[in-house]
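In: just the structure for this:
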Amino acid sequence: MAFAEGRTLGVAGRAQCHGAELDGRGQCAPGPAGGVVGVVAGQRAVKSAAFRRDPNGHITQLTPYSLDADELSVSPAAGGPSKNMVVFETFGHGAPDGIAPAVATVPATCQNPGQCAGRVRYLTSPNSLPNQNFNPAWAPDGSQIAFVRFSFVDPGPATADIWRMDWNGNNQRSVSTSPLFEFRPAWGPRPPNIQRTL
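Out: Have a look, this model is predicted:
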């Protein structure tokens, strides 16, 4: 089975994820119904897309390469509206001029690339420059997402703070305000405790 950018499912270059495999370099996460969700880099350019592989080996492209999906994870929710939802950052390898990296979601259960592309939902705006949003992380119950909001206005120091929002992008609010560059938030053992990397 071939991917859109010419990568084929084979032994070389497989990412391992909890006993499941998805062709490509980078990352993977447990997916719905025992499958796996991962990011595969294309061959023509430094762009990546999210894919799902079900337990039967069927692979579905979840995001177009044009979004350059990165830093993805599947909601841990056992039920409710965020169950089987994949959160990811757009333009993980650099955004085009005038566009900001953003946090978006796509259902891990959509059936084909066209349907999946139509169900990508931006939770933060790709038109938010000088703010950029990335490094999304699900809360343990899937009800919220922590992320980084980065801002740079020349001349001045770049700042990045941890923010949080509801699973659907509502109620965005700052968790930290620091002169330090904070990134890669992770939820602590009891929400709303968010750990951050400085």
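In: how about the contacts made by residue 76?
Out: Under the criterion of Cβ atoms under 8 Å, 6 or more residues apart in numbering, the neighbours of residue 76 are 138, 140, 141, 142. For every residue, glycine as well, the C-beta is placed using N, CA and C.
In: same deal with residue 149?
Out: 124, 131, 132, 133, 160, 161, 163, 174.
In: go with 6 Å
Out: 131, 133, 161, 163 (Cβ atoms under 6 Å, 6 or more residues apart in numbering).
In: before we move on, what about residue 153?
Out: Each residue near residue 153 by Cβ under 6 Å, 6+ apart is listed here: residue 130.
In: for it, give its distance to residue 132.
Out: Using Cβ to Cβ, to the nearest Å, one gets 12 Å for the distance from residue 153 to residue 132.
In: cool, and residue 87?
Out: The spacing between residue 87 and residue 132, counted by Cβ to Cβ, is 16 Å.
In: also residue 145?
Out: 16 Å.
In: before we move on, the earlier item: as JSON lines, the contacts of residue 149 with distance to residue 96, pLDDT and neighbour count would be great.
Out: What follows is the contacts of residue 149, written out as JSON lines (distance: Cβ to Cβ, whole Å; pLDDT from 0 to 100; neighbours: other Cβ atoms under 10 Å):
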{"residue": "131", "distance to residue 96": "16", "pLDDT": "90", "neighbour count": "17"}
{"residue": "133", "distance to residue 96": "16", "pLDDT": "95", "neighbour count": "25"}
{"residue": "161", "distance to residue 96": "24", "pLDDT": "92", "neighbour count": "21"}
{"residue": "163", "distance to residue 96": "23", "pLDDT": "95", "neighbour count": "21"}
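In: same list (the residues you listed) but as a markdown table, adding distance to residue 116.
Out: Written out in a markdown table, the entries for the contacts of residue 149 read as follows (distance: Cβ to Cβ, whole Å):
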| residue | distance to residue 116 |
| --- | --- |
| 131 | 27 |
| 133 | 21 |
| 161 | 31 |
| 163 | 26 |
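In: which one of those is nearest to residue 178?
Out: Compare each of the contacts of residue 149 with residue 178 using Cβ to Cβ and the shortest gap goes to residue 161, at 6.3 Å.
In: residues in contact with the helix or strand harbouring that closest one: which ones?
Out: Secondary structure from DSSP states H and E places residue 161 in strand 159-166. The set of residues external to strand 159-166 that reach it, using Cβ under 6 Å, 6+ apart, is 144-151, 171-172, 174-177, 181-183, 185, 194, 196.
In: now with 7 Å, please.
Out: Among residues not part of strand 159-166, those counted as contacts by Cβ atoms under 7 Å, 6 or more residues apart in numbering are 123, 143-151, 171-179, 181-183, 185, 194, 196.
In: from those, which land in strands?
Out: Restricting those to those inside strands, with DSSP state E as the criterion, leaves 144-151, 173-174, 183, 185, 194, 196.
In: just the buried ones from those residues?
Out: Of all these considered here, the ones buried according to neighbour count by 16 or more other Cβ atoms under 10 Å are 144, 145, 146, 147, 148, 149, 150, 183, 185, 194, 196.
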